[in-house]
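Visitor: Return atomic coordinates for the entry below.
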Amino acid sequence: MITSPHNDKLKLIGKLRARKHRDREGLLVAEGEDLVAMAAAAGWEEVALLRAGEDVDPELLDRVSELGSGTRVIGVYRQRWGAPSAAAVSVYLDGVGDPGNIGAVIRSAHALADGPVVLGPGCADPYSPKALRASMGSIFARPPARGEPVGTRVALERGAPPLAGVEVSPPAVICLGSERDGLPADFPSDLRAGIPLREGGPDSLNVAMAATVALYELGNRMAAHG
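Guide: Numbers count the residues shown, from 1 in each chain. I've put the predicted structure just below:
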């Protein structure tokens with residue numbers, strides 16, 4: 001059992017809290033039994049796996065944990081990146097800086113369309129602890145992609161025609177920017193669509209919520225295409 005804070009595995013986990021080290025090493029840290037179980041179910045082999053009371057002193061594991069006291073297991077894995085594909089429905093994100101939103105969109109895409117999430121410029125790290133937790137392990141089943149999206153690009157924008165009335169055939173790509181700024185003015189979309197909001201309510205949706213609504217709408221419609 002590890003009883004020294006100077007152990008190499010503990011030092012690695014502590015170092016990987018910073019994105020620059022995650023990017024440089026190509027690694028991620030998954031905390032908690034649920035995430036570690038999802039990684040195993042998806043066939044990810046751990047670089048390191050530490051269980052409190054079995055492999056490491058619990059207090060030492062707590063010291064390197066993002067979650068604080070009571071952490072029971074931490075796993076270190078190599079990052080995986082997919083490539084954009086012509087799935088019936090996929091999502092493209094541009095400039096989405098909140099890792100919680102990134103993780104939530106990956107979860108929704110996995111649940112509602114089983115399509116990839118492609119990350120464009122300015123997006124947060126999908127392998128940050130916050131993004132991993134928000135994905136609830138879906139990131140292990142459907143790793144994010146990088147590159148140009150494949151399919152008809154449907155730009156989700158405020159004030160655009162309702163998505164429910166926009167004609168689109170698979171493969172379709174739901175494209176979103178940040179809630180504040182939206183997509184870049186020069187973004188090369190094929191269609192524009194919006195989600196009508198109740199009069200008197202908020203004037204926008206969180207990007208993960210908007211993606212979820214669009215995934216539900218287009219996921220059902222693309223499934224009908226067979």
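
Visitor: mind listing the strands in this structure by residue range?
Guide: Secondary structure of the chain (DSSP state E): strands located at 27-31, 46-51, 73-78, 89-93, 117-119, 145-146, 152-156, 172-176, 191-193.

Visitor: Out of those strands, flag the one nearest K15.
Guide: Closest to K15 of these is strand 27-31 (C-beta to C-beta; 9.4 Å). Using the backbone N, CA and C atoms, a C-beta is placed for each residue, glycine as well.

Visitor: tell me the angle the closest one makes with strand 73-78.
Guide: The directions of strand 27-31 and strand 73-78 differ by 160 degrees, with axes from the mean of the first three to the mean of the last three C-alpha atoms, to 10 degrees as the criterion.

Visitor: Mind listing residues that contact strand 27-31?
Guide: Applying C-beta atoms under 8 Å, 6 or more residues apart in numbering, the external contacts of strand 27-31 come out as 12-13, 16-17, 22, 36, 39, 47, 65-67, 71, 73-79, 127, 129, 132-133.

Visitor: hmm, back to that, which stretch among the strands of the chain approaches S4 most closely?
Guide: Nearest of these to S4, taken as C-beta to C-beta: strand 46-51 at 13.0 Å.

Visitor: Flag the shaky bits of this structure, pLDDT-wise.
Guide: The model of the chain has pLDDT under 70 over residues 225-226.

Visitor: circling back: figure out which of the strands of the chain is closest to A223.
Guide: Closest approach to A223 among these (C-beta to C-beta): strand 89-93, 8.9 Å.

Visitor: Partner strands of that closest one and their direction?
Guide: Here strand 89-93 is paired, per DSSP bridges, with strand 117-119 (parallel), strand 172-176 (parallel).

Visitor: Quick one: closest of the ones you listed to P202.
Guide: Distance to P202, taken as C-beta to C-beta, is lowest for strand 172-176 among the strands paired with strand 89-93, at 16.6 Å.
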